[in-house]
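Student: Coordinates for the following, if possible.
(2 chains)
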Amino acid sequence: MARKDTMNALLTRGISEENVEKLLSKYNTMKAISDAGVSELEELGIPSEEAADIISKLSKRASTKAVSKPKETVEEVEIVNMELVSNPHEYTETEKQILDICEKENLELPLKVVVDIASRIQDKGLTDDEVKAITEKAAEMCERRRMDPNESVGIMAAHSIGEPGTQMNMRTFHYAGVANVNVTSGLPRLIEIVDARRVPSTPSMTVPLVGIAAEDENVARHVSYEIETTTLLNVATLETDITNMRLIVRPDPRRMDDRGITMDDIYERLNKIKVLRGLVQIEGYDIIITSDEPSYKKLQQIFDAAKTAKIKGIDGVSRAVLSKEGSTWKIITEGSNLKEVMKVQGVDATKVKTNSILEVADVLGIEAARNLLINEGRDTLSAAGTVDIRHIMLVADLMTNDGYVKAIGRHGISGRKSSVLARAAFEITAPHLLHAAMNGEVDNLEGVAENIIVGQPVTLGTGAVNLIYTPKRG
Amino acid sequence: MNGMQGISKRIGSIKFSCVSPDEIRRMSATKIITADTYDDEGYPIEMGLMDPHMGVIEPGLRCKTCGCKVDECPGHFGHIDLAMPVIHVGFIKDIKSLLESTCSKCGRLMLTPEQVEQRRRNMELMEELGGDSTDVKLFSKETAKDASSRGICPHCGAEQVKIKLDKPTTFREVTDNHKLTPKEVRERLERIPDEDLQTLGIDPATCRPEWMVLTALAVPPVTVRPSITLDSGDRSEDDLTHKLVDVLRINQRLRENRDSGSPQLIVEDLWELLQYHVTTYFDNQTSGIPPARHRSGRPLKTLTQRLKGKEGRFRSNLSGKRVNFSARTVISPDPFLSINEVGVPIPAARELTVPIHVNAHNIEMMREFVKRGIKPVTENGKYLPGANYVIRADGRKMRVTDRNAEEIAENLAIDYTVERQLIDGDVVLFNRQPSLHRMSMMAHRVRVMDGRTFRFNLCVCPPYNADFDGDEMNLHVLQSEEARAEARILMQVQENILSPRYGGPIIGAIHDHITGAYFLTHENPRFDRFQAMNILTKLDGIEIPEPAGVDENGKEYWTGRQLFSIILPKDFSVQFKASICQGCAECKKENCEYDAFVKISNGELVCGTIDVNGIGNSKGKILDRIARDYGSDRACQFINQVTRVALGAIMNHGFSTGIDDEDIPEEAKLEIANFNQECIDKAEAYVDSYRDGTLDQMPGRSLRETLEVKVKATLEDARNDAGRVAGRHLGMKNPAVIMAKSGARGSMLNLSQMAGCVGQQTVRGERLARGYWDRTLPHFKKGDLGAFARGFVTHSYKTGLSPTEFFFHAMGGREGLVDTAVRTSRSGYMQRRLISALEDLKLTADGSVKNTAGTIIQFKYGEDGSDPARAVGGKVIDYDDLFIEVLGEERAAALLKLDRKDNGENYGSREKDEMEYIEDEEGSDFEMDEPDYDGGE
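Tutor: Numbering: from 1, shown residues only, chains lettered A, B, ... in the order given. Purely as a prediction, here's the structure:
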């Protein structure tokens, strides 16, 4: 596209054809030209004044863009108004006591163990000596239960997650909690997680509420209407008047009231839709959309556009159901749009959850995505027998290792292995080999698959140790 | 064998590169010009496709290049000189991008020197930062795209004409639809200077782009494409040979026509035909052209097809291999084998051998083995191991026969190797497919036995997921000392009692073992001397304890708990809740009225019932503790002993179940029927209110969905209540209930379906709705939404189902079968992907997890560095155990929680049987086929 489009763009900006020719001999895009600067353009034989003129003409649009963009982001920051929750662990007395012992005796205890022990022995009237004995014993147990170096932890994790897969259910749907929201579960969900799909097959959010919304059902319902997409059909009945070539919209005042929608809202919304622009009128209690062309096709288009017109709510959220947990209300949705939902008033933006992993990675960052991978993986697997969380953590860490979510499979991790042979042995064999030949790739035989292929010990487990025993002569 | 000694060499790395036409000709053993293969006498024709310079496949002949015989000659490449150049399909996309990004006149990359410099710097930076080959690929692609978006060459100023690719191998110039011949393409590629190639990520030393347009075709050695001689004496050539014949034939015709100055049109047609044949020679599944076919219509298997896919070279021959020293047969159970043992039938033991290196210490023994020959038997008909082969120090292998046994034994010398038949105690690997986790292949000790099946202890069924309905398993005999040592230390069954998946025992008592333990310990029964002896009779090396007391008749007796305590370690203490625990609001502990609180102190079972939560696989608390704290030897001993004691107890008690166990009294039946009717009426009422619109719509649901939800909930109640009523009438004396409650087999749901009511049948979680218009079966009125019309089964399995109910039940059952079939293939593919992605991860000595590129995946494995197999159900430490051990039972009592989450799952459930049923029908192909893809992207 580039050359012809650029040429047209330059000409419309009133740059002489002669100069355009000269510019295009060196630059491909508008941006390249505007970045080049006056002196560089002069080199192409364009007089300096003209060059400056060109630059200014081109940069005009760029500069307006540059101004408008930060403005948008500023706005967003204001709306979201999130507080950074920094929550360093406050050590209790017992925890401090145990940690002190650890430090003094030079013992190593995972923090989780310290916290757990402390919570169990707190206020049970144990003597200092007993606490010390417990700490020492615990440290000894932890030491004994450490993983051995060179262990093939990856294969162990893959086995542990893959093996229960055969026993999982395929029944896609299952009701999430009390609310009647369908969520994919079982094997299809597990596959979806490791695939790192952009959009899960059943996106869903759990939206906890704060303040009065959390306590009062009616307020909560209002929040849910802010979230749930309301289409015209939800609040009105449509009637096609073929004789007059128009569409009559009969809003239901009760339902409009429920959802806090006024006639003006509907009017405005409909008027914003391209097909309907300028055709909408309020007539008494009805809204009339008159076709501007006497064709049934157009009328049909109007009908379709009006039917699906969004009046209120957040894009992508098709349903929002209230659910009570303890004494507080929360909303469970079908469809997910984390960024927008977090902005809604009454929503506890710090605790909103979604099951769309890539969305979380986009909105909240990679660490959040990793945590979601672990949680979703654990919840899905818990249906088919327990799997140690360490295995799931390893998979999640591998998938999010370099800052974005990579899939398990040929488009993700397996396709990016350093070894040609390993990639060829997995999938898409021939193209990998041909490419390796073209680029002169070298396979250093460090992984498992490639060493098996050439027939030598792998570099894991006992194969990782290189011990040579030289017997004494004589 | 000699190569195995000392330090073996390792291949350090493998470099891939393209072969230049010059090199093809240089390494060629012969030029091939004729399409004929054999002459009339059946000898290969010189300069034909079977030229003996390229190696030999017939015994007796010698290779004309290296002079070696079959199996010694590795084979040598030949070559075909192509009359006209032809494009290599595999590189078509790369050729296109090269043509687009370089000038058609001067051949330079169409970027300014500054841009090139910038790109170079970025590339270097990327390599410095550890970019892999994929990054380089993506970056080069971008470079090429940038260069090709320019219409005028910045170097020579030539205007560029866009190029279009007509799949698969034709290039056209867009302006005048002029076809670029491979020759022109090659000329353009030749003009690209080496420096510019480097900018594009191509190493000119390993691959000049013009090599992608072939002028010479390497012909693989005959050993790569051997011909087979059929019984009739006809020769059948390999697919590759067929394809090469096509290439040669067209090549010949093309040359003749070109040289004789035939019309351009004819030459071009032949050229295209040659292109087609060379293309299909490389890849016979190229999209856009019809695959070359055999005369029978079968598509030819050419180079790419040989490599790719599940049956391709990589996955079928390189990543996995067929082996010797292995055996496969049906399996059957033997409770009197240790969990570490495997029973090997004599015919298999005679074939499988272990190589023993002869030295000064064992030469006499080895001589004895050899002297016995291949089928020695003792006087009483018992198995005696012999030897099958003797390998001399110079590597000659000699078969031992009855005739030469004496002589070979006589000549046996040090440094010979004797291939000895299996004896008891040999270490072998035992495996059952699908091998889904590492416990699918474990090391066992051999026990040579009569019969024709492999036998092993029942406790080892869960890790293999085996049963005895005709399952077969594989056995591999290890051939080196290192392998045996490693197998013994890492792979033996007893080392795998704790599963790394969930940190609990995967090997433990199952089925009747658990029922037996229940009978032995529940309510602490008394046994007289005869019974006690019977129960203990299969235990080795134990002391019979003093009788627990004397009963009213003056006879001494032993209690069940006393007998159970014999096999516990003497200092063993533990407390937990048994499976029969009713889950009271407040636990009465020792005073539990159901005898469900288990307390063991100092090796004495004080109270409680031993069931699945004590010794069962995946849940057994006692097992778990012993395996963890007393080591694998003790755990193995405990499992062996506890299962035998349990079997002794169940045999003493006698145990059977039948359909009459599900008999319930008339009044119970009436109660169930009444409640069912009530629920059905209620469902009917919902349907009515749905009809007249009085049904309250649930938020976010349609009216119809609301109805379904309500009706389903109501009918669910019906079944649950039927189960409750049935459960009330089937007391703890009922064998089926004992099995369900103790966790041996079956569940209360199974029982209530047999005794009470089967319940609602579903497809995809919905009540049945498909079939005829507006109804499921012609027995119902159209639009009937009531319970019966939509698959509610009110009868029990015992009373029998009505015809419509039976049909509905079959519908639900069918869904289950289809489900399992789909699931096996899907989860198989998922696991393959998981393994491929995770196989290279390794825990390094500093506790971090790294991949082969050295990237850190985790700084500390699992955030605490502990082993999931050694951690208790995911926790590094079981705090209850910690407190009891440090503080003693009394002091710790206040701190205990005694909660234990169930882990593992119900092995051998109904699902598994269904799965096998499917497998039988479709073959156990549990892997998804490689999805179709189209070339590179």
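Student: Not counting its neighbours along the chain, what's nearest the residue nearest the centre of chain A?
Tutor: In chain A, the residue lying closest to the centroid (CA atoms, centre = their mean) is residue A:359, at 1.7 Å. Closest residue to residue A:359 apart from its sequence neighbours, by CB to CB, 6 or more residues apart in numbering or on different chains: residue A:338 at 5.4 Å. Where C-beta positions appear, they are placed from N, C-alpha and C, glycine not excepted.
Student: is it true that the one you found touches residue A:363?
Tutor: Yes - contact criterion CB atoms under 8 Å: residue A:338 and residue A:363 qualify, at 4.9 Å.
Student: Mark out where each domain of the chain begins and ends.
Tutor: Picked chain A for this. A:2-80, A:93-144, A:162-202+A:355-408, A:204-227+A:317-354, A:230-312, A:417-464 (automatic domain parsing).
Student: To clarify, I was referring to chain B.
Tutor: Domains of chain B are assigned by automatic domain parsing as B:90-212, B:326-503, B:512-653, B:659-801.
Student: Turn those into JSON lines, including mean pLDDT and mean neighbour count.
Tutor: JSON lines is the format used below for the domains of chain B (pLDDT from 0 to 100; neighbours: other CB atoms under 10 Å in any protein chain shown):
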{"stretch": "domain B:90-212", "mean pLDDT": "84", "mean neighbour count": "17"}
{"stretch": "domain B:326-503", "mean pLDDT": "92", "mean neighbour count": "18"}
{"stretch": "domain B:512-653", "mean pLDDT": "88", "mean neighbour count": "19"}
{"stretch": "domain B:659-801", "mean pLDDT": "86", "mean neighbour count": "18"}
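Student: of all those domains, which lies closest to residue B:265?
Tutor: In terms of CB to CB, the element of these nearest to residue B:265 is domain B:90-212, at 12.5 Å.
Student: picking up where we left off before, format the domains of chain B as JSON lines; extra columns: distance to chain A.
Tutor: Shown next, in JSON lines, are these (distance: least, CB to the nearest CB, whole Å):
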{"stretch": "domain B:90-212", "distance to chain A": "3"}
{"stretch": "domain B:326-503", "distance to chain A": "4"}
{"stretch": "domain B:512-653", "distance to chain A": "8"}
{"stretch": "domain B:659-801", "distance to chain A": "5"}
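Student: between those, which gets nearest to residue A:388?
Tutor: Closest to residue A:388 of these, according to CB to CB: domain B:326-503, at 5.8 Å.
Student: Assign a three-state SS to the closest residue to residue B:112 other than its chain neighbours, would you?
Tutor: Sequence neighbours aside, residue B:154 is the residue nearest to residue B:112 in space, at 5.2 Å (criterion: CB to CB, 6+ apart). Here residue B:154 is recorded as coil under DSSP: H, G, I helix; E, B strand; the rest coil.
Student: quick one on the thing from earlier: which residues does the residue nearest to residue A:359 contact?
Tutor: Residues in contact with residue A:338 (CB atoms under 8 Å, 6 or more residues apart in numbering or on different chains) are A:205, A:352, A:354, A:356, A:359, A:360, A:363, A:364.
Student: Return the closest of those residues with respect to residue A:252.
Tutor: The closest of these, once distances to residue A:252 are taken by CB to CB, is residue A:205, at 27.7 Å.
Student: The domains of chain B: which one's closest to residue A:242?
Tutor: Nearest of the domains of chain B to residue A:242, taken as CB to CB: domain B:659-801 at 28.7 Å.
Student: And the strands in chain A?
Tutor: Along chain A, the segments classed as strands by DSSP state E run A:173-175, A:182-184, A:204-208, A:230-231, A:236-241, A:246-251, A:280-283, A:286-290, A:310-312, A:319-325, A:328-334, A:353-354, A:442-443.
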